[in-house]
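>>> need a 3D model of the following:
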Amino acid sequence: MPDGFRVSLFAEGFKQPRFMAVAPNGDVFVSDQGAGTVTVLADANRDGKADGKTVFASGLNRPHGLAFHGGFLYVANTDSVVRFQYMTGDVKASGAAQKLVDLPSGGGHSTRTVEFGPDGKMYVAAGSSCNVCEESDPRRAAVWVYDADGKNGKIFASGLRNAVGLEWNDGTLYATNNGRDQLGDDIPPEGLYKLKAGAFFGWPYCYTTQAGKPQVWDKDFGRKTADTCKTATPAFSLTTAHAAPLGLAFYTGKTFPALYQNQMFVALHGSWNRSQKSGYKVIMVDPKSGKTTDFLTGFLSGQNVVGRPVDLVTASDGSLLLTDDGEGKIWRIQYP
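I've put the predicted structure just below:
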């Protein structure tokens, strides 16, 4: 970690903490896939540690993505998007969940992510059902866009094998993506993408090997010709193969030095099928150049895993919070 930064424990005791969202009053909401809950973390005394944990909602089906919009908390379950009425300061849901959208479940990728754009629309990502295949359900390996009430859904972007992280910044929707397996240790690199309406991002026919350059035809899955890849939008930035980029956040606080302002921070969950493990860290990405820099390491000691980064948010006090589902903890990164 760069000089001047410090890491401390913000909260612990989770089964599988995944994505977070910061409420209008600064409370931090976190999904716990293993427990089927959404939990509220407050820091009323501003000491940099959560005062306690309060379960806002339970009985959810592998909840993952969270978003606040228009007086509601939206939750992306593995099989649906639901919402709860929310008033600032609420720590328990005042009523039952309202189901807005059914989502395909099962298969190899269970996480679903929800994000709202500057247009007030709801963007939902669902991963593929397989390593590499042609999906029969167009909602998979894609990002769809809906009205805030879940109506009028349509494809926004396709060809994304498993886009786990979604974040808007300066009018652009950014996404992380987990590439295919079974092509060895180093192919394909994991990609970070700038999404555009109607764009196709290559999977299952192509993958990016050089950031910003035309994609490569996946001859191992040659259901199409190489011409298919000429129109596929490449990643603007790459990380090591199998590093598993998940959550991302643009730093919007005021306490980090100018170098870090509006930079993109990405949690690399870490590989499971590489001879030498990769990932297990947080990187900083320049959204203009795509250049990546290690920001927080230490989750991998040799080949021993001591934590798995998942998601990041900018907290109301200017710190960055990081979920770790390997240890069931949330870390707080502060400066100075």
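>>> only C-alpha atoms, please: export stretch 266-274 in PDB.
Only the C-alpha atoms of stretch 266-274 are listed here, as PDB (Å, rounded to 0.1, in the frame of the first residue of the first chain):
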ATOM      1  CA  VAL A 266     -10.900  -2.800  -8.500                       C
ATOM      2  CA  ALA A 267     -11.000  -5.800  -6.100                       C
ATOM      3  CA  LEU A 268      -9.300  -8.800  -7.600                       C
ATOM      4  CA  HIS A 269     -10.900 -11.800  -5.800                       C
ATOM      5  CA  GLY A 270      -8.100 -14.200  -6.800                       C
ATOM      6  CA  SER A 271      -7.700 -17.300  -9.000                       C
ATOM      7  CA  TRP A 272      -8.800 -20.800  -8.200                       C
ATOM      8  CA  ASN A 273      -7.400 -22.700 -11.200                       C
ATOM      9  CA  ARG A 274      -4.000 -21.200 -11.900                       C
END
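>>> quick one: mean pLDDT for it?
Mean pLDDT, computed over stretch 266-274, is 97.
>>> give me the buried positions along it.
Applying a neighbour-count criterion of 16 or more other C-beta atoms under 10 Å, one finds V266, A267, L268, H269, G270, S271, R274 buried in stretch 266-274. Placement of C-beta: from N, CA and C, glycine included.
>>> narrow those to those in strands?
Judged by DSSP state E, the buried residues of stretch 266-274 include V266, A267, L268 as members of strands.
>>> nearest to E167, of those?
V266 (9.7 Å; C-beta to C-beta).
>>> the closest one reaches V282, doesn't it?
Yes - at 6.9 Å, V266 counts as touching V282 under the criterion of C-beta atoms under 8 Å.
>>> need the overlap of contacts for the two.
Residues within reach of V266 and of V282 at once, by C-beta atoms under 8 Å, 6 or more residues apart in numbering, are L312.
>>> which single one of the ones in strands among the buried residues of stretch 266-274 is nearest to K99?
Among these, and counting by C-beta to C-beta, the member closest to K99 is A267, at 28.8 Å.
>>> and the residue lying closest to the closest one once chain neighbours are set aside, how far is that from I330?
Distances taken as C-beta to C-beta, 6 or more residues apart in numbering place P309 nearest to A267, at 3.7 Å, with adjacent residues excluded. Look at P309 and I330: by C-beta to C-beta, to the nearest Å, they are 11 Å apart.
>>> neighbour count for those two, which is higher?
P309 (28 against 25; other C-beta atoms under 10 Å).
>>> the more buried one and A50, how far apart?
18 Å.
>>> among the buried residues of stretch 266-274, which one lies nearest to F295?
Closest to F295, out of all of the buried residues of stretch 266-274 and judged by C-beta to C-beta, is V266, at 8.9 Å.
>>> residues contacting the closest one?
Shown in contact with V266 (C-beta under 8 Å, 6+ apart): 165, 176, 192, 239, 245-248, 282-285, 312.
>>> top of the residues you listed by neighbour count?
Counting by other C-beta under 10 Å, top hit in the contacts of V266: T176 with 31 neighbours.
>>> distance check, that residue against A50.
Using C-beta to C-beta, one gets 26 Å for the distance from T176 to A50.
>>> do a quick rundown of the helices in the stretch 201-336 of the chain.
Using DSSP state H, counting those that start in this stretch, no helices are found in the stretch 201-336 of the chain.
>>> what about the closest residue to G159 other than its chain neighbours, distance to T233?
Counting by C-beta to C-beta, 6+ apart, F201 is the residue found nearest to G159 once chain neighbours are left out, at 3.9 Å. To T233, F201 is 5 Å away according to C-beta to C-beta.
>>> identify the contacts common to the two.
Y193.
>>> so for these two, which sits in the more crowded spot?
F201 (27 against 20).
>>> let me see the contact set for that one.
Contacts of F201 by C-beta under 8 Å, 6+ apart are A157, S158, G159, L160, N177, Y193, L195, A232, T233.
>>> could you do P234 as well?
Counting by C-beta under 8 Å, 6+ apart, P234 has contacts G191, G202, T208, Q210, A211, G212, K213, P214, Q215.
>>> again, but for L248
Applying C-beta under 8 Å, 6+ apart, the residues near L248 are G165, E167, Y174, T176, L192, M264, F265, V266, A267, L312.
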